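*Asks:* after the sequence you'll find the predicted model.
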Amino acid sequence: MKAVVQRRYGSAVLGDLDVPVPGQGEVLLEVRAAGVDMGTWHLLSGKPYLLRVIGFGFRGPKSPVPGRDVSGVVTAVGPQVTEFAVGDEVFGTCDGAFAEYAVTQAKRLARKPAGLSFAEAAAVPISGGTALQGLRSVKAGQRVLVLGAGGGVGSYGVQIARSLGAHVTGVCSTKKVELVRSLGVHEVVDYTVADFTGTYDLVLDCGGHRSLSRLRDAAGKRGTVVIVGSETTEPIFGGFDRSLRALALNLFVPQKLVGLTSAERGDVFEELRVLIEAGEVKPAVDRTFPLSEALEAIDHVYSRRSAGKVVVTI
Ligand SMILES: NC(=O)c1ccc[n+]([C@@H]2O[C@H](COP(=O)([O-])OP(=O)(O)OC[C@H]3O[C@@H](n4cnc5c(N)ncnc54)[C@H](OP(=O)(O)O)[C@@H]3O)[C@@H](O)[C@H]2O)c1
């Protein structure tokens with residue numbers, strides 16, 4: 001099969017690999033599309049170095065093929081798989097989506113939402129799942145602030161918070177204002193003109209690397225700050241330092257500070273399928289690239305040229 005092959009951090013090429021064989025609890029997918037996000041860039045570059053220590057491979061990537069978000073058709077099932085059968089159209093995550101075929105555990109998949117193309121479905125799992133898990137505590141009538149509202153996670157954050165009945169304010173740069181408005185936000189703040197003001201019940205922080213004290217101010221006296229992530233060029237922790245500090249600080253401050261680590265699980269993707277089929281959430285796909293241009297797709301995300309999501313189609 002054709003695949004993007006990555007033996008070392010920092011370089012990858014289009015090459016040929018054997019089609020993988022599904023083991024116990026696994027399925028083989030004919031990949032139709034693979035989502036691209038900042039996580040894809042992190043695993044390709046091996047940066048920040050923290051990710052090498054937490055299990056993705058110290059000297060080189062554990063998976064020879066990058067790409068986690070996936071949509072496709074089940075072409076074989078391993079022993080003890082009862083959830084899916086050959087021919088099912090699914091979406092979810094795997095280790096090696098930038099290939100014609102990929103093996104993954106059945107518990108990392110859900111049925112593809114009706115009415116979505118494979119490209120749209122591949123744009124959902126990690127970003128949509130992260131937003132959903134970050135907004136679990138939101139109740140109708142609450143005020144939610146989404147930082148990075150025009151990005152991958154933020155674009156789902158705006159829609160999911162709205163579907164929960166919250167009043168949603170999205171913060172983004174000028175070129176993403178139109179997209180964020182189209183997602184149904186109540187108020188949009190272009191941070192290149194003036195930054196946000198006021199207080200919110202929940203702040204979903206998906207970009208900008210603002211200080212913890214700035215985020216706590218936005219959460220007022222009793223609000224919640226969910227730190228999804230942000231990018232810095234610091235090589236060891238990247239933007240992850242705030243999540244670690246938030247964990248410690250949370251013990252001493254009135255606001256609730258959460259450093260989110262999202263889970264890649266089929267039941268989360270199933271919740272997203274329901275929201276999508278109910279018309280509450282729609283993936284905002286900025287651009288698709290063919291497999292032969294997968295590295296350009298990653299660069300497109302890394303260089304912040306995308307509004308919403310980027311997808312590689314196979
Ligand atoms: N914790 C987890 O489990 C988890 C899961 C997924 C992702 N992440 C991390 O979360 C972060 C967001 O992921 P993503 O996929 O949404 O990335 P993304 O698509 O690149 O979106 C980030 C957004 O932040 C915006 N931004 C940059 N500076 C900003 C500022 N000062 N104020 C407001 N917005 C600003 C960017 O827009 P402009 O360029 O227009 O400013 C961009 O739209 C990344 O660091 C990623 O690694 C964490």
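*Replies:* That came through, no problem.
*Asks:* just the element for V312, please.
*Replies:* strand 309-313 (DSSP states H and E).
*Asks:* what does that strand rub up against?
*Replies:* Identification of contacts with strand 309-313 by Cβ atoms under 8 Å, 6 or more residues apart in numbering yields 32-37, 67, 97-98, 118-120, 122-123, 127, 152, 155, 283-291, 293-294, 297, 300-301. From N, CA and C alone the C-beta is placed, and that goes for glycine too.
*Asks:* so which of those residues belong to helices?
*Replies:* 118-120, 122, 127, 152, 155, 294, 297, 300-301 (DSSP state H).
*Asks:* so which bits of stretch 25-42 are buried?
*Replies:* 25-29, 31-42 (16 or more other Cβ atoms under 10 Å).
*Asks:* got the CA positions of it in PDB?
*Replies:* Extracted in PDB, the C-alpha atoms of stretch 25-42 (Å, rounded to 0.1, in the frame of the first residue of the first chain):
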ATOM      1  CA  GLY A  25     -10.200  -6.400  18.900                       C
ATOM      2  CA  GLU A  26      -8.900  -4.600  15.800                       C
ATOM      3  CA  VAL A  27     -10.300  -3.800  12.400                       C
ATOM      4  CA  LEU A  28      -8.600  -3.100   9.000                       C
ATOM      5  CA  LEU A  29      -9.800   0.100   7.300                       C
ATOM      6  CA  GLU A  30      -9.600   1.100   3.700                       C
ATOM      7  CA  VAL A  31      -8.700   4.700   4.500                       C
ATOM      8  CA  ARG A  32     -10.700   7.400   2.700                       C
ATOM      9  CA  ALA A  33      -9.500  10.400   4.500                       C
ATOM     10  CA  ALA A  34      -7.200  11.500   7.400                       C
ATOM     11  CA  GLY A  35      -7.600  14.600   9.500                       C
ATOM     12  CA  VAL A  36      -4.600  16.900  10.100                       C
ATOM     13  CA  ASP A  37      -4.000  18.900  13.300                       C
ATOM     14  CA  MET A  38      -1.200  20.300  15.400                       C
ATOM     15  CA  GLY A  39      -0.800  16.900  17.000                       C
ATOM     16  CA  THR A  40       0.100  15.500  13.600                       C
ATOM     17  CA  TRP A  41       2.900  18.100  13.400                       C
ATOM     18  CA  HIS A  42       4.100  17.300  16.900                       C
END
